[in-house]
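J.: coordinates only, sequence not included:
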């Protein structure tokens, strides 16, 4: 699927079109009766409330900006050992690279890979298995990773009490290949783009702020997973490293988007993938782009 933000064409490249997760685990503070008040809006695209599930996509976004091709969040990948995620474990022949090609992009044409954070569904296609080794999927790209995000995960690795397979097979190989640039807030990978801090889900999560052709958008990674969190920004995800900070980040982001009439593009929205945000009472409401 393609859509425009100003003069930039954005392509979404899907890895999983629909992932169903239990609301009780994913948004542990959510109350069924409160969500049910928005049933007509949420169902069936974003939730199935009687089953207690939230529906997400796993996808990348490709931006062509100022002569550069930028890939945001390269999904789950193939041949990766993910025993705690059976649907992700040792996947093969998923068609992701074919869908990338259908969007007009070969791996060697990607100039920049930006990982908003280093969870396994945002780094998997950083690498692919060749001759028994993990090698960068995008051989000419610079991989952008927040300096604070990398430091957080490297500190966990140094403790040597838990394994982090996504780091070992999808992050460290591109670091060892010399293709990683550790970047700070405000870094500009192309004209009209800067990277912004969105901490809480992970300590160093960053978003991409696009300003082109008179329009603006924030590609926010997992600062907001579901439209439920636009309607109820107080609901932090169960996987958030710091739920309180995540909540503050989300409120601040939504307030800014509503005030500036900017687009919100989260990593996991299904359907048209993007929405304008408007204030609604004490909260917010996402006005989705037409299909």
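T.: Yep, that arrived. From a predicted model like this one, the values you see are computed outputs, not experimental measurements. Residues are numbered from 1 along each chain as shown.
J.: can you list phi and psi of residue 12 for me?
T.: Dihedral pair for residue 12: phi -90, psi 130, per degrees, to the nearest 10.
J.: which ones are touching it?
T.: Residue 12 is in contact with 1-3, 59-62, 273, counting by C-beta atoms under 8 Å, 6 or more residues apart in numbering. Placement of C-beta: from N, CA and C, glycine included.
J.: farthest pair in these?
T.: 3 and 60 (14.1 Å; C-beta to C-beta).
J.: low-confidence ranges, the stretch 151-291 of the chain, go.
T.: For the stretch 151-291 of the chain, the stretches with pLDDT under 70 are 291.
J.: if you set the cut-off to 90 instead, what comes out?
T.: Under the criterion pLDDT under 90, the flagged ranges of the stretch 151-291 of the chain are 156-164, 213, 272, 281-283, 289-291.
J.: all helices of it, in order?
T.: In the stretch 151-291 of the chain, the helices defined using DSSP state H, counting those that start in this stretch lie at 165-170, 172-176, 228-231, 243-260.
J.: most tightly packed of those helices?
T.: When you average the neighbours per residue for each of the helices of the stretch 151-291 of the chain (mean count of other C-beta atoms under 10 Å), helix 228-231 leads with a mean of 22.
J.: name the surrounding residues that touch that one.
T.: With contact meaning C-beta under 8 Å, 6+ apart, helix 228-231 is reached by 27, 30, 35, 38, 41-42, 46-47, 54, 224, 235, 237, 250, 254, 264, 275, 277, 283-286.
J.: for stretch 34-50, same thing?
T.: Residues outside stretch 34-50 that contact it (C-beta under 8 Å, 6+ apart): 20, 23, 32, 53-55, 226-228, 231-232, 269-271.
J.: ok, 10 Å please
T.: If you take C-beta atoms under 10 Å, 6 or more residues apart in numbering as the criterion, stretch 34-50 is touched by 18, 20-21, 23, 27, 30, 32-33, 52-57, 226-228, 231-232, 235, 268-272, 285-286, 288.
J.: now, of these, which are buried?
T.: 21, 23, 27, 30, 52-57, 226-228, 231-232, 235, 268-270, 285-286, 288 (16 or more other C-beta atoms under 10 Å).
J.: in strands, which of those fall?
T.: Among the buried ones among the contacts of stretch 34-50, the residues falling in strands (DSSP state E) are 21, 53-57, 285-286, 288.
J.: just the strands in the stretch 101-250 of the chain please.
T.: Taking DSSP state E, counting those that start in this stretch as the criterion, the stretch 101-250 of the chain carries its strands at 112-114, 127-130, 133-136, 142-146, 180-183, 193-197, 206-212, 215-219.
J.: adding mean neighbour count and distance to residue 68, write those strands out as CSV.
T.: Shown next, in CSV, are the strands of the stretch 101-250 of the chain (neighbours: other C-beta atoms under 10 Å; distance: least, C-beta to C-beta, whole Å):
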stretch, mean neighbour count, distance to residue 68
strand 112-114, 25, 6
strand 127-130, 18, 21
strand 133-136, 16, 17
strand 142-146, 23, 10
strand 180-183, 17, 14
strand 193-197, 19, 9
strand 206-212, 23, 12
strand 215-219, 22, 15
